[in-house]
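Visitor: sharing a sequence plus its predicted fold:
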Amino acid sequence: EYRGLVKHTGGCHCGAVRFEVWASADLHVFNCNCSICTKKQNRHFIVPASRFKLLKGADNLTTYTFNTHRAQHTFCKTCGVQSFYTPRSNPDGYGIAPHCLDDGTVQTIITEDINGKEWEKAVKEHKTIRDMSKP
């Protein structure tokens, strides 16, 4: 459906939450060092909302916010796994945890460190992060 992209499927540990996402087979993953990403080991890649579909589990999700309350840290009420969330940098998209994808569709993962401890500066200076959630 999306030229040059693959349909990845994934979800939480217990299987209550399942999703599909259209993205490259070669993922560009962010490794952020902000307080919550460090605690959760929240490595993620960003996609536009139009390329994400929650297949099941909407009623099994809960959300944690803090500070500006723009990032929506969504996780499964049963197992606690955050397989996706709405990032502060891209409120019009989703941050997807590559380790929550089912096997077989990812070819490579390139990881980029981002200085979330100085979030405003890091996002302002990053040349492409805000565009990653644009269709």
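Guide: Noted; the coordinates are in hand. What you are looking at is a predicted structure, and each value in this text was computed from that prediction instead of being measured. Numbers count the residues shown, from 1 in each chain.
Visitor: let me see the contact set for residue 119.
Guide: Listed by CB atoms under 8 Å, 6 or more residues apart in numbering, the contact partners of residue 119 are 34, 88. Just so you know, the C-beta spots here come from the backbone N, C-alpha and C atoms, and that holds for glycine as well.
Visitor: repeat the analysis, applying 10 Å as the threshold.
Guide: Contact partners of residue 119, counting by CB atoms under 10 Å, 6 or more residues apart in numbering, are 32-35, 67-68, 71, 88-89.
Visitor: what's opposite the residue nearest in space to the middle of the chain in the beta bridge?
Guide: Central residue check for the chain by CA atoms, centre = their mean: the C-alpha nearest the mean position is that of residue 95, 1.7 Å away. Note on residue 95: beta-bridge partners residue 46, residue 85, judged by DSSP bridges.
Visitor: surely it touches residue 48?
Guide: No - in this structure residue 95 lies outside contact range of residue 48 using CB atoms under 10 Å: 11.8 Å.
Visitor: shared neighbours of the two, anything?
Guide: Shared contacts of residue 95 and residue 48, counting by CB under 10 Å, 6+ apart, come down to 132-133.
Visitor: what about residue 29, which SS state?
Guide: strand (DSSP: H, G, I helix; E, B strand; the rest coil).
Visitor: circling back to that earlier point, quick check: PyMOL command selecting the buried ones in the contacts of residue 119.
Guide: Applying 16 or more other CB atoms under 10 Å to those leaves a buried subset, and the PyMOL line that selects it is:
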select buried, resi 32+34+71+88+89
